[in-house]
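[1] Sequence and predicted structure are below.
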Protein chains: 2
Amino acid sequence: MSSERNPIVVMKFGGTSVGEVSRIKHVAEIVREHREKHPNVGVIVVLSAMAGETNKLVALAKSCVDRPNPREMDVLLASGEQITIALLAMRLIEGGIPAKSLLAQQAQISTTSDHTNALIESIDARQLVSLVDQGIVPVVAGFQGIDEQGDITTLGRGGSDITAVAIAAAVKAQTCFIYTDVPGVFSTDPRTCKSARLLERVCHEEMLEMASLGAKVLHTRSVYFAMRYQVPLVVLSTFEGPCNPGVNGTWIVSEDELMEKPVVTGVTYRTDEARIVVEGMSADIGKMSRLFSELSDKGIFIDMISQESVESGAVNVSVTVPDESSLVALETFQAIVEEVGALGVKIDRDIAKVSVVGIGMKYHTGVAARVFEALARERIGVTMINTSEIKMSVLVPRKYCEVAVRVLHDEFTEFNVTTGEER
Amino acid sequence: MSSERNPIVVMKFGGTSVGEVSRIKHVAEIVREHREKHPNVGVIVVLSAMAGETNKLVALAKSCVDRPNPREMDVLLASGEQITIALLAMRLIEGGIPAKSLLAQQAQISTTSDHTNALIESIDARQLVSLVDQGIVPVVAGFQGIDEQGDITTLGRGGSDITAVAIAAAVKAQTCFIYTDVPGVFSTDPRTCKSARLLERVCHEEMLEMASLGAKVLHTRSVYFAMRYQVPLVVLSTFEGPCNPGVNGTWIVSEDELMEKPVVTGVTYRTDEARIVVEGMSADIGKMSRLFSELSDKGIFIDMISQESVESGAVNVSVTVPDESSLVALETFQAIVEEVGALGVKIDRDIAKVSVVGIGMKYHTGVAARVFEALARERIGVTMINTSEIKMSVLVPRKYCEVAVRVLHDEFTEFNVTTGEER
């Protein structure tokens, strides 16, 4: 074998992209076009199950038992991708493109045995590369793996993205295309803010902040994976425009590949958290730690934390938690309010968290000042603040969420050098 | 390991037996009951896909391509059993019965590479037996196998029965129970003839004749397999009566295990054939062979053949073919009618084939005489006759089919020593 291998790209299509037969036919067209335009580039396809199929299988299991055994749940769930890969492979073959569907054990995707939430340990790329060398398109089942015992595992949320990125890393792919139902990553939610722009490039760190803050395009695990193994990722739409990137889609690259570093790349928000305030508590570290260990025992995630001094050495402690756990969190605090020497507990569910994200914040000062000035112009009060090296989040009343997003997006637009088309 | 192993039984449940979640729960009950009554007997379960699921998947493939690639078709179809085995295994586990679903590659079912119609070559029983030894119930996907390349194959019609019988042979099972939606094998169709009896025992040869003649209980391939590997088979209902045989079900045994050998065990019929007659053809072996090679070239199956001399050395040649191919067969003959020197071709689609089957026919004479006498009493004319060592078939006008079945069933009832309950 020559050491000069032809380049390979990985194309991953999500559940809505293969949600019905007409869409599977369209996916086959995208693969065909890519092969025609780039005859020397090998293609590996990774697919999700049809949109809704996984939920249907979960419902089936729940109607059969109260607590599905995780090993068996994985056997059940893995049947979803088996259907889509077979259909796409037959469609490609009928169109004259040699193709072969591969399940996890055939694609040699080895994982831990943590059923329903396994981690990929290794991929033996020889079989995949050998197929590509023969001009065959491997069509790989995403989301699933095989453990040491030969049992089927699944990778949990965002699993097919992770499969695609891991395969791209294993075969040293030129690019990993994540085809989805949106045109890429936007500077903010286009439904909230008309001036939202499609971003041409974001760096991994920005994408991680944006993904975990609510931009649902890519799961954080796959972004970590891409960052760690330096896989060039593109997020693009299955349904719009030509399949080649540049015209459509967002590249997710490493920081040093960004030619210019805007202070703020995007503005994100989420409205699914609630704020709980323990009032007039004595500022005792033991009592503080008691508060948080109680929440941790109940398995409740904490997002933001702040502490504010009030009179005579007492403090108000605020936390935000997922709205769905907020009543449990409230009761938990109420039960220990006397024990920690507090005056009372309050809950506020009408909140929104708005964040500005940008790798340029590492290098520029004054972002916080501009955030406050912009919000003040609209008389929007901020109740909590959280910052990281490349992000600043503020908590505002939910009714002002959209205004806050627009005003912050407009404030930083001048620095936003991305050239995505206006929508 | 001790050489004195606990006995093992194989239980196979068909598509209607696992057609919905409530039925899968019922199947789990049957397994539980068997284990309670026979705590020293290991159980291996083999399942089909949910009834209708395979047809749904075939329709999906056909909506995607005109001619589904067979390798990919097998990947698609095999997803059906994957769902049922996972659901049953989780149900058993929740009920406190250790269980593990196994796909073909896990159960080590090796087949030829004839996709959609593969033959089982071997089963490595060690994994199955080791699970049983640990008190675990293996729940195996029927209908599927794995070929030398590690590709998924399927076994074609009756595939899950074949899986069950092959596993029973490989683990040297005490019994292979085929659970289905009828209580067993009847002496004739209970819908046609009220005096039909559930047969307690039939031998393999009888079952083969009855299966290929239209009793839809068991596919002939699995009966062959059971005969060849001497697997004791029981056909019984998932839905009626207790699960232990003897009360319900038909044993399929080797001839020497039949204590008494009734002349006629069952009366079967089929109405899905048509008769074609080539009239006044010269009795020339070359021309005769021409007729049959033409049908063979078109892939048309021939069932009965007869030849009847008419005046001056000419003959009428009759064949029966599946009704669905009968018009093609008619045209084929019409196209060569002059070439073979015949006067014309006629078709009769209003026919029925009625057969009496019994291993005792090997040892008793006079069956043909009694068949003709019985039919004559009802003035039913016979147009064609076919016999084998244990079977006699007659062709009658379709409108007399049910009468012929009843009169033949009643004629031989006195010899029918089976003790199944009257229905």
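    The structure has been received and is ready for your questions.
[2] Just the strands from the stretch 301-423 of chain A, written as ranges.
    Along the stretch 301-423 of chain A, counting by DSSP state E, counting those that start in this stretch, strands occupy A:305-309, A:314-322, A:344-348, A:351-357, A:384-388, A:391-397.
[3] Select, out of those, the one closest to chain B.
    The closest of the strands of the stretch 301-423 of chain A to chain B is strand A:314-322. By Cβ to the nearest Cβ, the value is 28.4 Å. Heads up, the C-betas are built off the backbone N, CA and C, glycines and all.
[4] contacts for that closest one?
    For strand A:314-322, contacts defined as Cβ atoms under 8 Å, 6 or more residues apart in numbering or on different chains pick out A:272-283, A:288, A:291, A:295, A:300-310, A:329, A:343, A:351, A:353, A:383-384, A:395.
[5] hmm, try it at 6 Å
    A:273, A:275-283, A:300, A:302-310, A:329, A:384 (Cβ atoms under 6 Å, 6 or more residues apart in numbering or on different chains).
[6] Can you flag the buried ones in these?
    Among the contacts of strand A:314-322, those buried by neighbour count (16 or more other Cβ atoms under 10 Å in any protein chain shown) are A:273, A:275-281, A:300, A:302-304, A:306, A:329, A:384.
[7] Show me which of those residues is closest to chain B.
    A:I300 (28.0 Å).
[8] how many other residues sit next to the nearest residue to the closest one once chain neighbours are set aside?
    In space, and not counting its chain neighbours, A:I300 is closest to A:S325: 4.5 Å by Cβ to Cβ, 6 or more residues apart in numbering or on different chains. Summarising burial for A:S325: neighbours were counted as other Cβ atoms under 10 Å in any protein chain shown, giving 18.
[9] Around chain B, which positions in chain A sit nearby?
    Taking Cβ under 6 Å from any Cβ of the partner chain, the part of chain A that reaches chain B is made up of A:21, A:63-65, A:68-69, A:72, A:75-76, A:79, A:82-83, A:86-87, A:89-91, A:93-94, A:101.
[10] give me the beta-bridge partners of A:L236?
    Counting by DSSP bridges, A:L236 is bridged to A:Y179.
[11] pretty sure it contacts A:N248?
    Yes. Look at A:L236 against A:N248 with Cβ atoms under 6 Å: they come within range, at 5.1 Å.
[12] more neighbours, those two?
    A:L236 (27 against 20).
[13] quick revisit: any idea which of the strands of the stretch 301-423 of chain A gets closest to B:T188?
    strand A:314-322 (66.3 Å; Cβ to Cβ).
[14] quick one, the closest one and strand A:344-348 angle?
    Angle of strand A:314-322 versus strand A:344-348, following axes from the mean of the first three to the mean of the last three Cα atoms, to 10 degrees, is 40 degrees.
[15] Run me through the strand neighbours of strand A:314-322, direction for each.
    When DSSP bridges is applied, strand A:314-322 pairs with strand A:273-282 (antiparallel), strand A:305-309 (antiparallel).
[16] and these as a markdown table, adding mean pLDDT?
    Formatted as a markdown table, these follow (pLDDT from 0 to 100):
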| stretch | mean pLDDT |
| --- | --- |
| strand A:273-282 | 92 |
| strand A:305-309 | 85 |
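[17] Is it possible to get JSON lines of the ones you listed that adds distance to A:V43?
    Output for these, formatted as JSON lines (distance: least, Cβ to Cβ, whole Å):
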{"stretch": "strand A:273-282", "distance to A:V43": "41"}
{"stretch": "strand A:305-309", "distance to A:V43": "47"}
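[18] If I look at the residue nearest the centre of chain A, what pLDDT would I see?
    Nearest residue to the geometric centre of chain A (Cα atoms, centre = their mean): A:H219, 2.2 Å. A:H219 carries a pLDDT value of 81.
[19] quick one, what contacts the spatially closest residue to it that is not a sequence neighbour?
    Leaving aside its chain neighbours, A:H219 sits nearest to A:G158 (2.4 Å; criterion: Cβ to Cβ, 6+ apart). Counting by Cβ under 6 Å, 6+ apart, A:G158 touches A:219, A:221-222.
[20] Could you tell me which of those belong to helices?
    A:221-222 (DSSP state H).
[21] shaky segments in chain A?
    Within chain A, the stretches with pLDDT under 70 are A:1-4, A:212-216, A:241-247, A:414-423.
[22] rewinding a little: mean neighbour count, the strands of the stretch 301-423 of chain A: which tops it?
    strand A:351-357 (a mean of 25; mean count of other Cβ atoms under 10 Å in any protein chain shown).
[23] In the stretch 101-250 of chain A, which residue sits nearest chain B?
    A:S101 (5.0 Å).
[24] How about that residue: which residues does it bridge to?
    A:V139.
[25] Ok, the one 10 residues further on next?
    Each beta-bridge partner of A:T111 is listed here, defined by DSSP bridges: A:I120.
[26] so A:Q82, which of the three states?
    Secondary structure, DSSP: H, G, I helix; E, B strand; the rest coil: A:Q82 is helix.
[27] List the contacts of it.
    Per Cβ under 6 Å, 6+ apart, neighbours of A:Q82: B:S79.
[28] 8 Å instead?
    A:101, A:103, A:141, B:75-76, B:78-79, B:82.
[29] Repeat that for A:E121.
    Contacts of A:E121 (Cβ under 8 Å, 6+ apart): A:110-112.
[30] Please tabulate those in a markdown table, including the columns neighbour count and distance to A:Y229.
    A markdown table is the format used below for these (neighbours: other Cβ atoms under 10 Å in any protein chain shown; distance: Cβ to Cβ, whole Å):
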| residue | neighbour count | distance to A:Y229 |
| --- | --- | --- |
| A:S110 | 17 | 16 |
| A:T111 | 26 | 16 |
| A:T112 | 15 | 18 |
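[31] Output those residues as TSV; include the columns distance to A:F186.
    Formatted as TSV, the contacts of A:E121 follow (distance: Cβ to Cβ, whole Å):
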residue	distance to A:F186
A:S110	36
A:T111	33
A:T112	35
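[32] related to what we said a few turns ago, from the buried ones among the contacts of strand A:314-322, which is closest to B:E257?
    A:I300 (66.7 Å).
[33] Wait, a strand at the closest one?
    No. Going by three-state DSSP, the assignment for A:I300 is coil, not a strand.
[34] From what I see, it and A:D323 are in contact.
    No. In this structure, A:I300 is not within contact of A:D323 by Cβ atoms under 8 Å, at 11.4 Å.
[35] so of the contacts of A:Q82, which ones are in strands?
    Those of the contacts of A:Q82 mapping onto strands are A:101, A:141, per DSSP state E.
[36] As JSON lines, the contacts of A:Q82 with distance to A:R370 would be great.
    Listed next are the contacts of A:Q82 as JSON lines, based on distance: Cβ to Cβ, whole Å:
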{"residue": "A:S101", "distance to A:R370": "52"}
{"residue": "A:L103", "distance to A:R370": "52"}
{"residue": "A:A141", "distance to A:R370": "47"}
{"residue": "B:V75", "distance to A:R370": "56"}
{"residue": "B:L76", "distance to A:R370": "56"}
{"residue": "B:A78", "distance to A:R370": "59"}
{"residue": "B:S79", "distance to A:R370": "55"}
{"residue": "B:Q82", "distance to A:R370": "56"}
